[in-house]
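Turn this into a model:
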Amino acid sequence: MARSCASRGGDPFVFGRGGEEAEALIAAGVPFEVVPGVTSAIAAPAYAGIPVTHRGLSTHVTIVTGHEDPEKDGTDTDWSALARTGGTLVVLMGASNLGQIAESLMRAGRAPDTPVAAVRWGTRPEQRTIRGTLGTIASLGVEAPSAIVVGAVAGLDLGWFEHRPLFGRSVVVTRAREQASSLRSALEALGAEVVEMPAIAITPIAVDVPDLSAYAWIVFTSANGVAAFFGAGLAEAGLDTRALGGRRVAAIGPGTAEALSQRGVRADLVPERFVAESLVEAFPLPERPGEAVLVARAEAARDALPEGLRSRGYSVDVLPVYRTVRTEPDGAAVDRVRSGRVDAVTFTSSSTVANFCDVVGPLPDPQPLAISIGPVTSEAARARGLRIDAEADPHTIEGVVAALVAALGVGRRPSAGG
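Numbering: from 1, shown residues only. Reported below is the predicted structural model:
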């Protein structure tokens, strides 16, 4: 039996026309299921810090539509009765008729100073809450779609969702799509709207793993390199982590070290600063002249690390294990950046900078905030004419998030949105 699914926000049987759809399906002999949801009449106020019931303020809640079927003769809504009922009244789909609704409630006895809150786009990054009274709410510019709460509870502001540090901010993530999830999750947890615009993609390349017993050290310069080395490298060669037995392992930073740890390998060396030059400085002198080091890295990368190790007396082989390729981001995201409708752009590598600039071109004035993961990435950005507003310290994803929160502090303008 073929099955299909129609989805909508909230609960399909609370002003969602779910009943009409169910009737049509039964008439057509089509089997269906109903999955209950959380109605926006409860969810939207909750995200605005408004409980629809509260001991001492409201013991009951009434949910009503503010927009009935225009083809009906008359109305089923008795606003006078609703006004006398008291408690909390939640009006859905009532923004266009809000003035008339407020007047009806006040004529029926509700006080003009009764608190009212209108929650627009509840639970979404663009959520906005307008607060007033029955006497003022119609003049405050309430727009659809809004859940409108009338009653004493609307005077409560137990805010949490709109109080998060990045709420209302839009942040562009340029990392490769397969890498973006950790940064996206961290930003969304802080309230940001994330605009994914991957400037690069990570492509493993065929790896001919050399005899690892010839090397005293194996160096990894990124988590991508770790994944490719153990995947397209060791796995394809029929090897596993035992092939690294007796070798010392260096990682350029904690993210790379964590990727190794997830594969059962502990890094023997992680520098204090997570750049190639710092790793060279942290490397011990070779125990014998020409001691061999294998550097697993991207196909195109700076030569600071292998050249630095050679200057310290090591024999260095470079093993390319992956390449970064330019991608074509979503056109709507590109247009949004070009028009200045974002607050910040994050860069996590030199390649994200280069490919972002190639795709987007000149940024608008004023430029969105630019956040870099470290000095090499910052240098690449400045070389392309970008202003770097903050640099992560430490040079990790967590550092990027912290730098972004600090840069988008109080007083920064929210973006215009999409």
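
can you give me the strands for the stretch 151-300 of the chain?
With strands called from DSSP state E, counting those that start in this stretch, the stretch 151-300 of the chain shows them at 170-173, 193-196, 200-204, 217-220, 248-251, 292-298.

wait, which of those strands is closest to residue 377?
strand 200-204 (12.5 Å; CB to CB). C-beta here means a position set from N, CA and C on the backbone, and glycine is covered the same way.

hey, least reliable of the strands of the stretch 151-300 of the chain by pLDDT?
Looking at these, the lowest mean pLDDT belongs to strand 200-204 (a mean of 84).

Who are the packing partners of that one?
Packing partners of strand 200-204 (3 or more CB pairs under 8 Å, 6 or more residues apart in numbering; DSSP states H and E): helix 223-228, strand 315-326, helix 350-360.

from these, which stretch is densest packed?
helix 223-228 (a mean of 24; mean count of other CB atoms under 10 Å).

And the residue nearest the centre of the protein?
Nearest to the centroid of the C-alpha atoms of the chain, with distances taken as CA atoms, centre = their mean, sits residue 184, at 3.3 Å.

Quick check: the gap between the residue nearest to it when sequence neighbours are not counted and residue 136.
Take residue 184 and drop its neighbours on the chain: the residue closest to it by CB to CB, 6 or more residues apart in numbering is residue 194, 4.8 Å away. Per CB to CB, to the nearest Å, residue 194 is found 35 Å from residue 136.

out of those two, which sits in the more crowded spot?
A count of neighbours by other CB atoms under 10 Å puts residue 194 above the other of residue 194 and residue 136, at 20 against 13.

Report the contact partners of that one.
By CB atoms under 8 Å, 6 or more residues apart in numbering, the contact list for residue 194 reads 170, 171, 173, 184, 187, 188.

ok so, going back, quick one, which of the strands of the stretch 151-300 of the chain gets closest to residue 368.
Ranking the strands of the stretch 151-300 of the chain by their distance to residue 368 (criterion: CB to CB) puts strand 170-173 first, at 7.4 Å.

before we move on, the earlier item: just want to check the distance between the residue nearest to residue 184 and residue 319.
In terms of CB to CB, residue 194 sits 34 Å off from residue 319.

Next: residue 263.
17 Å.

So what pairs up with the residue nearest to residue 184 in the strands?
Under DSSP bridges, the beta-bridge partners of residue 194 are residue 171.

Now do the lowest-mean-pLDDT helix or strand in the chain: everything it contacts.
Scoring the helices and strands of the chain by mean pLDDT, DSSP states H and E places strand 200-204 at the bottom, with a mean of 84. Residues outside strand 200-204 that contact it (CB under 8 Å, 6+ apart): 174-179, 224, 227-228, 231-232, 321-327, 349, 351-352, 355.

chain center to that strand, what's the gap?
21 Å (CA atoms, centre = their mean, to the nearest Å).

who's in contact with residue 41?
Per CB under 8 Å, 6+ apart, neighbours of residue 41: 10, 14, 52, 61, 63, 90, 92, 147.

try it again with 6 Å
For residue 41, the contacting residues are 63, 90, 92, 147, by CB atoms under 6 Å, 6 or more residues apart in numbering.

Could you do residue 296 as well?
Neighbours of residue 296 in contact, by CB under 6 Å, 6+ apart: 220, 225, 229, 319, 321.

roughly how far apart are the first one and residue 11?
Taking CB to CB as the measure, residue 220 and residue 11 are separated by 50 Å.

These two: which has the busier surroundings?
Using other CB under 10 Å, the more surrounded residue of residue 220 and residue 11 is residue 220, with 28 against 19.

For the contacts of residue 41, give me CSV that also has distance to residue 31, neighbour count and secondary structure.
Shown next, in CSV, are these (distance: CB to CB, whole Å; neighbours: other CB atoms under 10 Å; DSSP: H, G, I helix; E, B strand; the rest coil):
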residue, distance to residue 31, neighbour count, secondary structure
63, 29, 17, strand
90, 33, 26, strand
92, 29, 22, strand
147, 33, 30, strand
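
and which of those residues is nearest residue 44?
For the contacts of residue 41, the nearest to residue 44 is residue 147 (3.9 Å; CB to CB).

Is the closest one in contact with residue 120, as I believe?
No. Using CB atoms under 6 Å, residue 147 makes no contact with residue 120, being 8.3 Å away.

Below-threshold pLDDT in the stretch 251-400 of the chain: ranges please.
Applying pLDDT under 70 to the stretch 251-400 of the chain flags no residue at all.

where do the helices sit along it?
Secondary structure of the stretch 251-400 of the chain (DSSP state H, counting those that start in this stretch): helices located at 254-261, 276-282, 304-311, 331-338, 350-360, 375-383, 397-407.

and among those helices, the most buried is which?
Compared across these, helix 350-360 shows the largest average neighbour count, a mean of 22 (mean count of other CB under 10 Å).

tell me what that one is packed against?
When contacts are defined as 3 or more CB pairs under 6 Å, 6 or more residues apart in numbering; DSSP states H and E, helix 350-360 packs onto strand 200-204, helix 375-383.

run the last query once more with 8 Å
strand 200-204, strand 315-326, helix 331-338, strand 344-347, helix 375-383.

Residue 125: which element?
Residue 125 is part of no helix or strand when elements are defined by DSSP states H and E.

Now it: closest residue in space, sequence neighbours ignored.
residue 193 (3.6 Å).
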